[in-house]
Structures are given as C-alpha cells and as structure tokens.
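Q: below is the structure, and that's it, no one-letter string:
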C-alpha cells in the first residue's frame, strides 16, 4: 500500500515535467481544429497533422457561445485574426468570433455576442506554475487554454489568418 502512495507523486511529477512533442522547425500551421468534447486541438500544415494539444475551455463548454458572459467556447469556422505578446494570459492568438451569424443570434436574444475569444496560456503571475494541470478543469470565460510553452510555440508557428474550426 505504501508503494502506491509513493508512486502517485512520482507519476504526477513525470506528467508535469515530461516534455511533449514539438511542431517541427520550419513548419507553418495553416489550420487548427478543436474538438471540444475531446478537449483537444490539432495543428495542421496542409494535409499533415503536426501536433495535438490538450486544452481547457470555457467554464460552461457544452453548446455554441450565444452571448457575452455565458462562459461557452464558440463552435464554427473562424480565423486567427490577432496576436498579443503582452496578454494577461502569457500570450494569445485572437479568434475572429463573433461573425455575422453570431451577432444576429445574440441580438435576437437581446444580448451582446461578446468577443475577445483567444487561444492563450496561463494567467500571468502565480497561475503559471499550474502547467499541464490547468487541463483538469475547464476554467476560461470561453477561450481555449494551453500551457505557456504551447502558446509560445503556436504564436510562432500559426500563420496570419489561419483557419480555426471548432467542433462540439
């Protein structure tokens, strides 16, 4: 029984510190595909899948984002339309939500559609130590969260106006 208790912290340390694969040098990501139900995001260059990331989503992840404050991650086809190297969440890549349909849908509900949907790292300051453990719970306001090292990699590899497809 004691050996099992000793194995748990070792296993957690291995998970935390074990380096994941990297996008091959010189490759450009032209498409990201997010599968919300799997909590995964794939990076693609043409027809070649370069890497799969484990992600965290909005606190209320089931269903398409309908309005500001619903804590949902949108679903649909968007583009990477912005980069912020000085984000409050390490760095971020902007997602082109809301589109015209999103705005119309929110308007019918009498609400604002929201915006500022990003692929980002961990909150600056004390949250950075969380590393991979941030994935254990959906915690964003509707964004897609990866580790700081992963957002650094994406920030460099994702081309301007890359497509991002977000599925349930």
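A: Everything's here; your move. These figures come from a predicted structure and were not determined experimentally.
Q: need the nearest residue in space to residue 124, chain neighbours excluded.
A: Spatial nearest neighbour of residue 124, excluding adjacent residues (Cβ to Cβ, 6 or more residues apart in numbering): residue 88 at 5.7 Å. No exception for glycine: its C-beta is placed from N, CA and C like everyone else's.
Q: just checking, the one you found touches residue 122?
A: No: contact criterion Cβ atoms under 8 Å: residue 88 and residue 122 do not qualify, at 10.2 Å.
Q: neighbour count: those two, which is higher?
A: residue 122 (22 against 11; other Cβ atoms under 10 Å).
Q: OK, contacts around residue 105?
A: 66, 113 (Cβ atoms under 8 Å, 6 or more residues apart in numbering).
Q: need the pLDDT of it.
A: We have a pLDDT of 94 for residue 105.
Q: skip the chain neighbours and tell me the closest residue to residue 51.
A: Distances taken as Cβ to Cβ, 6+ apart place residue 43 nearest to residue 51, at 4.8 Å, with adjacent residues excluded.
Q: quick one: buried residues of the helix or strand containing that neighbour?
A: Residue 43 is part of strand 40-45, with elements assigned from DSSP states H and E. Buried residues in strand 40-45, counting neighbours by 16 or more other Cβ atoms under 10 Å, are found at 41-45.
Q: with stretch 79-97 instead?
A: 79-80, 87, 89-97.
Q: stretch 52-64 too?
A: 53, 55-58, 61, 64.
Q: same thing with stretch 117-127?
A: Buried residues in stretch 117-127, counted by 16+ other Cβ under 10 Å: 117-123.
Q: of the residues you listed, which belong to strands?
A: Of the buried residues of stretch 117-127, the ones assigned to strands by DSSP state E are 118-120.
Q: ok so, going back, what's the closest of the buried residues of stretch 52-64 to residue 37?
A: residue 61 (8.6 Å; Cβ to Cβ).
Q: element containing the closest one, please.
A: Applying DSSP H and E, one finds residue 61 in no helix or strand.
Q: let me see the contact set for it.
A: 36, 72-73, 138.
Q: and the helices in this structure, which stretches?
A: With DSSP state H as the criterion, the chain has helices at 2-17, 100-108, 148-157.
Q: many thanks, I have nothing further to ask.
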